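> Let me see the structure of the following:
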Amino acid sequence: MSVTATTEPNTGIVHTFGITPGLLAGQLFNFLVVLFILQRFIFKPLLGKLNQRAELIARSVEQAKALELRVLQAEKERTDLLAKARNEAQELATIAQNEAVKRREELVFAAKQEVEKVIATGKVQLEQERQQFLISARKDLVDIAIKAAGKILNDSVDPKKSQSLAEEMVRKLT
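Numbers count the residues shown, from 1 in each chain. This next block holds a predicted model:
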């Protein structure tokens, strides 16, 4: 019994579950064939596609990073160009303003010179007119004095002498 007892439990479990060695070998063979077919025709292409997809995603991420870097560089260049353009515009405005101030000063200086020239010309003309007026006034005064003296003296003095007396009197008055 001891020999049968040791073999019975093993055969009993195999018989209880309905496992037969030939059937087990056939199922194992079928499982391996299905596993091989799945591995060769489904898992391998599927894993290949997944790897391709992962590579495509990785390249896309790299391209996106490169594009983002280029965008940042372009933005920096644009900012730098704008700052440079603003600085140049400010410099040009400053130069233009300085030139305008300089031109205004030149125009003011030229106008002052013109005014001074006009004033000097006016003074010269005024002095000439004054001199002519004084000469004319002296002549008129001499004539009046001669006529007055002639009436007083009733033509007893000769005209040359009265002329010299009148001129002397006018000189004393002026």
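
> any weak-confidence spans in this structure?
Judged by pLDDT under 70, the chain has its weakly predicted residues at 1-11, 151-157, 173-174.

> Helices along that one, start to end?
With DSSP state H, the ranges of helices along the chain come out as 2-17, 21-37, 44-153, 159-173.

> Return the list of helices and strands in contact with the shortest one.
Identification of packing neighbours for helix 159-173 by 3 or more CB pairs under 8 Å, 6 or more residues apart in numbering; DSSP states H and E yields helix 44-153. The way it works is simple: take the backbone N, C-alpha and C, and place the C-beta from them, glycine included.

> Now do the helix it packs on against helix 159-173, angle only.
If you take axes from the mean of the first three to the mean of the last three CA atoms, to 10 degrees, helix 44-153 sits at 130 degrees to helix 159-173.

> For helix 44-153, name the packing helices and strands.
Checking 3+ CB pairs under 8 Å, 6+ apart, helix 44-153 ends up next to helix 159-173.

> Contacts for the helix it packs on next, please.
Residues outside helix 159-173 that contact it (CB atoms under 8 Å, 6 or more residues apart in numbering): 138, 141, 142, 143, 145, 146, 149, 150, 157.

> Make a markdown table from those residues and add distance to residue 112 and neighbour count to it.
Listed next are these as a markdown table, based on distance: CB to CB, whole Å; neighbours: other CB atoms under 10 Å:
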| residue | distance to residue 112 | neighbour count |
| --- | --- | --- |
| 138 | 38 | 16 |
| 141 | 42 | 16 |
| 142 | 44 | 19 |
| 143 | 46 | 12 |
| 145 | 48 | 19 |
| 146 | 50 | 17 |
| 149 | 54 | 18 |
| 150 | 56 | 14 |
| 157 | 58 | 15 |
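
> Show me the two of those residues that sit farthest apart.
The most widely separated members of those, counting by CB to CB, are 138 and 157 (19.9 Å).

> Now residue 19. Its backbone dihedrals?
When read as degrees, to the nearest 10, the backbone of residue 19 gives phi -90, psi 130.
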